[in-house]
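A.B. asks: Just to be clear, the model below is a prediction. Sequence and coordinates:
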Amino acid sequence: MSLDIMEKVAQEPGLKAWAETMAGKLDAKMRFAVKKANEVSYIPYSTENGQWKENRIGWWTNGFWPATMRQMLLQNGKSLYRDEAVRAESMLDDALRDFKNLSHDVGFMWLIQSGVRYALEKNQDSFDRTLFAAQTLAGRYNPCGFIRAWNGEGREGWAIIECMMNLPVLYWATEVTGDPRFSLIAMHHADTTMKAFVRPDGSCNHIVIFDACTGEFLSNPGGQGYESGSSWSRGQAWALYGFTLSYLHTGKNEYLDTARRVADYFISQCPDGLPRCDFRQPEEPVVLDNAAGNIAASGLLELSRTVPESDADPYFDAAIRILKAQEAGCADWSEDTPAIFTRCTSAYHELQGRHIQMQYADFFFVEAIGKLLGERMLAWYPNRV
Ligand code: GLY
């Protein structure tokens with residue numbers, strides 16, 4: 001038996017009321033966010049002076065805005081969300097056309113919005129975009145056992161932890177084409193990630209550099225975290241959610257065990273529900289990352305309904321603790337700014353990227369609230385509508 005999240009929420013009237021209040025606030029804020037997005041001709045990434053700020057069209061986060069619109073549409077059916085999702089999906093075609101500059105992040109960019117649209121509307125263009133994304137990701141596979149993360153000379157052997165969240169587009173491609181190669185690549189990468197990234201205590205590396213010809217482990221730079229050997233919280237969040245998804249797609253118990261090990265570690269590191277950017281950063285200054293918190297919270301909810309019901313409570317309770325703490329301390333529901341969460345951090349050592357707004361942190365909050373209110377549709381396995 002596994003946990004039915006909606007039933008559990010229904011048994012806790014205070015939590016149900018909180019989730020419903022959040023859903024109402026999200027609708028009001030997102031209507032404003034769409035209005036601001038319609039004043040500009042780019043996909044929202046961050047914010048500046050009360051307006052959305054962009055990144056280049058091929059930037060890895062650009063699928064999260066249309067994916068947020070898809071989640072809002074699922075939650076309340078309003079056509080403004082559909083219109084905005086379609087508008088942003090079309091804008092992203094410029095990135096597809098420039099495919100040689102895409103990274104491994106194509107699951108983030110297409111599965112969670114074009115894949116969802118295809119599942120619901122059977123739109124052929126959305127299917128083509130998502131399958132093309134999967135093909136480019138498969139094309140990054142190194143038979144030594146990993147998917148190459150980034151482009152650029154000297155990075156042939158670089159793999160990164162967030163790739164675990166892009167694997168679902170490969171599982172999806174096997175499901176829609178019947179060709180097992182996509183899933184086999186995903187599992188080969190996940191197996192390598194279990195061995196080379198996840199440490200015995202459940203913490204993980206952000207980056208691992210392999211010899212691109214032999215697969216030999218060369219080094220583990222600090223990446224967006226504090227230093228080599230530290231524990232970048234967003235990386236831990238990607239891992240706990242990503243291994244849960246790989247388990248859901250494959251049924252391989254090692255992936256679920258790994259997700260649980262990372263989740264147990266994550267929970268132990270933020271008893272106040274406010275994850276630091278790196279769990280091993282110096283005590284001062286206090287650098288938070290709300291994106292890590294919301295990704296982890298949505299991942300923990302997913303994990304709570306994946307493990308046996310008797311094991312679910314610690315994951316469910318931690319998710320609620322994080323969502324409530326971050327909302328209480330770091331959410332801006334006003335119309336001073338189009339995004340919600342204010343203490344996101346792009347990378348520990350990027351000083352101008354500390355405590356900024358990053359739109360995808362809002363996506364994971366929307367997703368988590370949807371789960372509390374009974375939304376089964378998940379961006380990461382759209383075929384299971
Ligand atoms: N590089 C992906 C992230 O910042 O989480």
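C.D. replies: Alright, I've got the coordinates.

A.B. asks: Please make it C-alpha for all contacts and neighbour counts, starting now.
C.D. replies: Will do.

A.B. asks: list the contacts for the spatially most central residue of the chain?
C.D. replies: Central residue of the chain (C-alpha atoms, centre = their mean): Ile295, 5.7 Å from the mean position. Going by C-alpha atoms under 8 Å, 6 or more residues apart in numbering, Ile295 touches Arg234, Ala237, Trp238, Tyr241, Ala361, Phe364, Phe365.

A.B. asks: same thing but at 6 Å, please
C.D. replies: Going by C-alpha atoms under 6 Å, 6 or more residues apart in numbering, Ile295 touches Ala237, Phe364.

A.B. asks: Next, Thr337: secondary structure please.
C.D. replies: At Thr337 the chain is in coil, as set by DSSP: H, G, I helix; E, B strand; the rest coil.

A.B. asks: surely it meets Asn49?
C.D. replies: No - Thr337 is not in contact with Asn49 according to C-alpha atoms under 6 Å; the separation is 7.5 Å.

A.B. asks: Give me the more crowded residue out of those two.
C.D. replies: Thr337 (21 against 9; other C-alpha atoms under 10 Å).

A.B. asks: Leaving out sequence neighbours, find the closest residue to that one.
C.D. replies: Gly50 (4.3 Å; C-alpha to C-alpha, 6 or more residues apart in numbering).

A.B. asks: Run a quick check on the one you found versus Asp336, I expect a contact.
C.D. replies: Yes - taking C-alpha under 6 Å as the definition, Gly50 is a contact partner of Asp336 at 5.4 Å.

A.B. asks: Quick check: which element contains the residue nearest to Ser114 when sequence neighbours are not counted?
C.D. replies: Closest residue to Ser114 apart from its sequence neighbours, by C-alpha to C-alpha, 6+ apart: Ser126 at 4.7 Å. Element membership of Ser126, judged by DSSP states H and E, is helix 124-138.

A.B. asks: cool, and Trp52?
C.D. replies: strand 51-53.

A.B. asks: now that strand: how far from the chain's centre is it?
C.D. replies: A distance of 21 Å separates the centroid of the chain from that of strand 51-53, by C-alpha atoms, centre = their mean, to the nearest Å.

A.B. asks: strand partners of it, parallel vs antiparallel please.
C.D. replies: Looking at strand 51-53 with DSSP bridges, its partner strands are strand 46-48 (antiparallel).

A.B. asks: What are the buried residues along the strand it pairs with?
C.D. replies: Ser46, Thr47 (16 or more other C-alpha atoms under 10 Å).

A.B. asks: gap between the residue lying closest to Ser346 once chain neighbours are set aside and Met187?
C.D. replies: For Ser346, ignoring the flanking residues on the chain, the nearest one in space by C-alpha to C-alpha, 6+ apart is Gly353 at 5.2 Å. Gly353 is 33 Å from Met187, where distance means C-alpha to C-alpha, to the nearest Å.

A.B. asks: Comparing these two, which residue is more hemmed in?
C.D. replies: Met187 (24 against 15).

A.B. asks: Make sure that one is indeed in a helix.
C.D. replies: Yes - judged by three-state DSSP, Met187 forms part of a helix.
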